[in-house]
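Visitor: Give me a 3D structure for the following:
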Amino acid sequence: MKAIWNGKVLAESDKTVIVEGNHYFPKEAINTEYFVESDTHSVCPWKGKASYYTLKVEGQENADAAWYYPETSDLAKQIKDHVAFWKGVEVVE
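Guide: So this is what the prediction gives:
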C-alpha cells in the first residue's frame, strides 16, 4: 500500500493494519521529511488519544492530515505507532 499526496509517496508498506476502513502504516514506513508534529489531539472512545501530523510537500501544507496513537487501549494495540491518513491523501495498492 502507498499513501500519496501532492505527487509524493508519504508512506509505503505491505504490512498495513486496517481498522474502521483506514490503512494504518507502520511508523518506520513513513517518509518523515514530509511530516511535522501538530499540537492537535482527539480522543476515540475505544482506541485512545490520537496525535496528528501536518503534511508539507512541495511548499504546500495539509494540516492534521495524518494521525497516530502513541498510546492505545488494549483493544487497539495493533495500531500503536502506526499512521493513518485522510484529507485528500490517496491510499492505493
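
Visitor: C-alpha only now, for contacts and for neighbours.
Guide: Fine.

Visitor: hey, where'd the strands end up in this structure?
Guide: Shown for the chain, the strands assigned by DSSP state E span residues 2-5, 8-12, 17-19, 22-26, 35-44, 48-57, 60-68, 82-85, 90-92.

Visitor: Please identify the buried residues of the last one?
Guide: Just to be clear, that refers to strand 90-92. For strand 90-92, the neighbour count (16 or more other Cα atoms under 10 Å) marks 90, 91 as buried.

Visitor: Just checking: what are the partner strands of that strand?
Guide: With DSSP bridges as the test, strand 90-92 is paired with strand 2-5 (antiparallel).

Visitor: which other residues reach the strand it pairs with?
Guide: Strand 2-5 has contacts (Cα atoms under 8 Å, 6 or more residues apart in numbering) with 9-13, 57, 85, 88-93.

Visitor: mind putting the strands of the chain in a markdown table, mean pLDDT and distance to residue 75 included?
Guide: Formatted as a markdown table, the strands of the chain follow (pLDDT from 0 to 100; distance: least, Cα to Cα, whole Å):
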| stretch | mean pLDDT | distance to residue 75 |
| --- | --- | --- |
| strand 2-5 | 98 | 25 |
| strand 8-12 | 98 | 25 |
| strand 17-19 | 97 | 11 |
| strand 22-26 | 98 | 15 |
| strand 35-44 | 97 | 12 |
| strand 48-57 | 97 | 9 |
| strand 60-68 | 98 | 15 |
| strand 82-85 | 98 | 15 |
| strand 90-92 | 98 | 24 |
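
Visitor: Could you say which of these is packed most deeply?
Guide: Of all those, strand 82-85 has the most neighbours on average by mean count of other Cα atoms under 10 Å, namely a mean of 24.

Visitor: For that strand, which helices and strands make contact with it?
Guide: strand 22-26, strand 60-68 (3 or more Cα pairs under 8 Å, 6 or more residues apart in numbering; DSSP states H and E).

Visitor: partners of the closest residue in space to residue 72 that isn't next to it in sequence in the sheet?
Guide: Spatial nearest neighbour of residue 72, chain neighbours left out: residue 48 (5.0 Å); criterion: Cα to Cα, 6 or more residues apart in numbering. Taking DSSP bridges as the rule, residue 48 bridges to residue 44.
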